[in-house]
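Trainee: Next one to model:
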Amino acid sequence: MIGRDADGRLNGRLIDNALGLVERLVPAEGRARRIDGLRLASGRYAATGIGTVRDCAVSLDDYAVLLAAREAGALSTRVRALISAIGLSSAAEVEDLLDAMEDWRYCADPWLRVWGVKFGLDGGLEAGATEEPYACDHAFSGTLTWEPDALVEAVEAVVRRGWRVGTHAYGDRAVRILLDVYERVLRNNPGLPAGTLVMEHGGLAGPEQRARAVALGIPVTIQQPLLHDTAEVERGFWGPERVAALFPAREWLDQGALVTAAHYFADLRATVAMVFRTWPVAREYASTPCLATALDTEYTSRIAQAEPLLNTAGKKKTSKPYTAPPTDPLAAGAVLDIAVQLLQASDPHEARKRLTPLAQHLRDADRALSTYLRRPTWISKPLRNAVSDDWPVGKRTRRHSRDVSTSSSTSR
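Mentor: Down below sits the predicted model:
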């Protein structure tokens, strides 16, 4: 799209495919300059408290630059890269891509690793595949970039090699077809680990498709910032009502979906509350003695804040001092570091091992807070699964020391 003002004059705004008119004329950036850009961008992410990002469309050449940036110490935020299969159209082409990725399979670098493969099922702002025609062109309802049978074959090629898949589905027709594809892949490949198949965007997903995604165990990565940046343009393509309903975050959560970014931050906040309310149970996870001491001081401060609330009339709110994030930067970094360690378990059994002591102590110390924090609107289903058997909602039961398998992992 080439932007114009009310009088039809060019306003300098280029969107989606129109960017290519200029980008092809811009000299390619050198590797050193790209690394400097990654240093700047990742530093700004880290400054806001974002510790990990999924980079959702990384070419093989781009990943080589990320590796060079990591070697140069330029990454301040952990990166999980989805190697792009966008533009490919057959399973054979995808197999070639997977061959090129093989050397990265066993990389254990906590700062940079390959998450999986990114597919695109439909267009974006200009060509997202919708059930109803576009507002600006009643003969057009978007574009699909894969035939469903071919996409099933390509996705199965990826999962059979042990990688994960994230697929762009921007319009509601693409969402429906992608869930059809994923359902077939799950049926043909029983026992795939939770989180192997992810829907990117899930735009315009209605109640029926949201329920299907939840039933299939498909997480969704909605993208509210994209709506914020592009709503003005999208209104021209889809109309205001569809744009307003593009990313129904609250509805996804209420139906029990795993919405990755939203749930991860909710899990962090709940885990921070558990750490403080049960301190010093998690003290062993402090990365240094200095950080442990900072949390000792912070915990003492929170006890002092909670004490006066015990004598207040009406409903007690003694848990509030433990749920608020620290304002001291050192204490905030220290407790978030512990929370990340607790949440980044490699499997459900490890998650239970790490979290059960906190869950048990919290239940004994603060029954109201323990019940409140594990509500579906507060934490993800994997985290609830990790603590469910040792953190009962109803009547007090005797705790048993046992290892019960959970259906999914708290690993991000």
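
Trainee: Now do the same contact list for the residue nearest to residue 132 when sequence neighbours are not counted.
Mentor: Nearest residue to residue 132, sequence neighbours excluded (C-beta to C-beta, 6 or more residues apart in numbering): residue 141, at 6.7 Å. From N, CA and C alone the C-beta is placed, and that goes for glycine too. Neighbouring residues of residue 141 by C-beta atoms under 8 Å, 6 or more residues apart in numbering: 129-134, 171, 173.

Trainee: Please indicate which of the residues you listed are buried?
Mentor: Among those, those buried by neighbour count (16 or more other C-beta atoms under 10 Å) are 129-130, 134, 171, 173.

Trainee: separation between residue 302 and residue 309?
Mentor: 11 Å (C-beta to C-beta, to the nearest Å).

Trainee: what about the two, which has more around it?
Mentor: Per other C-beta atoms under 10 Å, whichever of residue 302 and residue 309 has more neighbours is residue 302, with 20 against 13.

Trainee: Now that one. Nearest residue, chain neighbours left out?
Mentor: Excluding its sequence neighbours, the residue lying closest to residue 302 (C-beta to C-beta, 6+ apart) is residue 321, at 4.6 Å.

Trainee: now do residue 127
Mentor: In this structure, residue 127 finds its nearest non-sequential neighbour in residue 143, 4.2 Å apart by C-beta to C-beta, 6+ apart.

Trainee: Let me see the ranges of the strands in the stretch 101-250 of the chain.
Mentor: Here the stretch 101-250 of the chain has its strands, by DSSP state E, counting those that start in this stretch, at 112-120, 164-169, 197-201, 220-221.

Trainee: Could you say which of these is packed most deeply?
Mentor: Among the strands of the stretch 101-250 of the chain, strand 197-201 has the highest mean neighbour count (mean count of other C-beta atoms under 10 Å), at a mean of 26.

Trainee: Where does the prediction get shaky in this structure?
Mentor: Applying pLDDT under 70 to the chain flags the ranges 260-264, 311-318, 345-347, 374, 376-378, 381, 389-412.

Trainee: How is it divided into domains?
Mentor: Structural domains annotated on the chain: 2-199, 265-390, as defined by automatic domain parsing.

Trainee: For residue 245, which of those domains is the nearest?
Mentor: domain 2-199 (9.3 Å; C-beta to C-beta).

Trainee: Show the end-to-end separation of the closest one, please.
Mentor: End-to-end distance for domain 2-199: 29 Å, by C-alpha to C-alpha, to the nearest Å.

Trainee: for the helix or strand where residue 351 lies, packing partners?
Mentor: Assigned by DSSP states H and E, residue 351 belongs to helix 348-365. If contacts are counted by 3 or more C-beta pairs under 8 Å, 6 or more residues apart in numbering; DSSP states H and E, helix 348-365 sits against helix 260-277, helix 329-343, helix 367-373, helix 381-387.

Trainee: so how far is that helix from its chain's centroid?
Mentor: Helix 348-365 has its average C-alpha position 23 Å from the chain's average C-alpha position, going by C-alpha atoms, centre = their mean, to the nearest Å.

Trainee: and it with helix 329-343, angle?
Mentor: Interaxial angle, helix 348-365 versus helix 329-343 (axes from the mean of the first three to the mean of the last three C-alpha atoms, to 10 degrees): 120 degrees.

Trainee: related to what we said a few turns ago, next, format the contacts of residue 141 as a markdown table and append distance to residue 365.
Mentor: Shown next, in a markdown table, are the contacts of residue 141 (distance: C-beta to C-beta, whole Å):
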| residue | distance to residue 365 |
| --- | --- |
| 129 | 51 |
| 130 | 51 |
| 131 | 51 |
| 132 | 53 |
| 133 | 58 |
| 134 | 56 |
| 171 | 48 |
| 173 | 50 |
